[in-house]
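Undergrad: What shape does this take:
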Amino acid sequence: MIANQLRDIGTSAGRVAVRITGSGPCVLLIHGIPGSAKTWTPVAEGLAAAGFEVLVPDLLGFGASDRPGDVDGLHIDAQAAALSELLAATRDRPVIVVGHDYGVPIAVTIAHRMPRSVSGLVLAAGNLFTDTPIPMPLNIIPAPVVGKLAARMLMSRPMLRAMLRLGVGQPPPWLNPAHYLGDSRQSQAIRMIFSASLRELPDRYREVEAALGELQAPSVVIWGGRDPFFGIEQARRAAAAIPDAELRIEPDAGHFLPAERPAAFIDAVRQIQGRVQATAHEPAARPDLHPNSAGDR
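TA: Residues are numbered from 1 along each chain as shown. Predicted coordinates:
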């Protein structure tokens, strides 16, 4: 059994709780919404057993991390800034960044802003574009009059529980609602992020979409063939927009891939690390991990 270390890292955006396990090349796992660090457990355990050091934070608003009361403190920019500071405070070498769902645009933002600090990307089942179609009934949420009421109903705890049940493929894993929904404040954070993303999609995702063609790290895109929230066309579009990205489809999987296909993440990380080792021309330790350093802009 590989021991876990729990740490609280202070950042300018708030205190971030992070679980650190294993030793070796470093991997950062960024969860989605609904979600928390605990939703990565099978992946984190598998990576640690495979010889990696794994950092698994709770995003701001989730799990044991601080709970900002405004949506700007919860959205992509603030989350990416907090995790960039976490990396700068705890690691002196590049990391492989893995994102699922909401973790995908956060991972891309970190890689774009800190290219020398990210040695690889694994992106699974998340939005990266400003014009992603919003399906019914979620497309009611941006409406000026009834949108707030619709968001309260569609993002209620019973509806989020239904999302967990409907979002998996075959064979269906059991998703612990406590790990995904958390307490009432975490559910509120989920609703705030969803609502802002749907109402302000072009503004919230403009930097993310623009960054895709400039990413430098080797990348793997993983998608479930039965994902009811983001179809395979979104997977193909994401892989095509990122230079030399590899697309992997898990045919019978749904949306919640860390629970459904943990081995796919472990395999992708091991492949990327192999590429990093094969092409390495510099020492592992890097002096440029601070997010504000000139070398990372």
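
Undergrad: hang on, Ser187 is in a strand, isn't it?
TA: No: assigned with DSSP: H, G, I helix; E, B strand; the rest coil, Ser187 falls outside any strand and is helix.

Undergrad: Quick check, pLDDT for it.
TA: Looking at Ser187, its pLDDT is 91.

Undergrad: Tell me where the stretch 101-250 of the chain has helices.
TA: 103-113, 147-154, 157-166, 177-181, 184-199, 201-211, 232-241 (DSSP state H, counting those that start in this stretch).

Undergrad: and His75, what does it touch?
TA: Contact partners of His75, counting by C-beta atoms under 8 Å, 6 or more residues apart in numbering, are Ile193, Ala196, Ser197, Arg204. Just so you know, the C-beta spots here come from the backbone N, C-alpha and C atoms, and that holds for glycine as well.

Undergrad: Can you get me a residue count around the closest residue to the third one other than its chain neighbours?
TA: Read it as Ser197. Nearest residue to Ser197 in three dimensions, chain neighbours excluded: Arg204, at 5.6 Å (C-beta to C-beta, 6 or more residues apart in numbering). A count of nearby residues for Arg204, using other C-beta atoms under 10 Å, gives 20.

Undergrad: on that earlier part again, pipe the contacts of His75 into a markdown table and attach distance to Leu212 per row.
TA: Formatted as a markdown table, those follow (distance: C-beta to C-beta, whole Å):
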| residue | distance to Leu212 |
| --- | --- |
| Ile193 | 21 |
| Ala196 | 21 |
| Ser197 | 17 |
| Arg204 | 15 |
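
Undergrad: filter the residues you listed to the buried ones?
TA: Buried members of the contacts of His75, counted by 16 or more other C-beta atoms under 10 Å: Ile193, Ala196, Ser197, Arg204.

Undergrad: Of the helices of the stretch 101-250 of the chain, which shows the lowest average pLDDT?
TA: helix 147-154 - the lowest mean pLDDT of these, at a mean of 79.

Undergrad: what comes into contact with that one?
TA: Pro137, Leu138, Ile140, Ile141, Ala143, Met159, Arg191, Phe194, Ser195, Arg199.

Undergrad: What residues sit buried inside that helix?
TA: So, applying 16+ other C-beta under 10 Å, buried residues of helix 147-154: Gly147, Ala150, Ala151, Leu154.

Undergrad: ok, now how distant is the second one from Pro25?
TA: To tie it back to what came earlier, the one meant is Ala150. 45 Å (C-beta to C-beta, to the nearest Å).

Undergrad: angle of the lowest-mean-pLDDT helix or strand in the chain against helix 184-199?
TA: Across the helices and strands of the chain, mean confidence by mean pLDDT, DSSP states H and E is lowest for helix 147-154: a mean of 79. Per axes from the mean of the first three to the mean of the last three C-alpha atoms, to 10 degrees, the angle that helix 147-154 makes with helix 184-199 is 130 degrees.

Undergrad: Also compute the angle for helix 147-154 relative to helix 157-166, please.
TA: Using the same axes, to 10 degrees: helix 147-154 against helix 157-166 is 60 degrees.

Undergrad: Work out the gap between helix 147-154 and the centre of the chain.
TA: The chain centroid and the centroid of helix 147-154 are separated by 25 Å, computed with C-alpha atoms, centre = their mean, to the nearest Å.

Undergrad: any idea which element Gly10 lies in?
TA: Element membership for Gly10, per DSSP states H and E: strand 4-11.

Undergrad: Which secondary structure elements does that strand sit against?
TA: Contacts defined by 3 or more C-beta pairs under 8 Å, 6 or more residues apart in numbering; DSSP states H and E place strand 4-11 against strand 14-21, helix 76-90.
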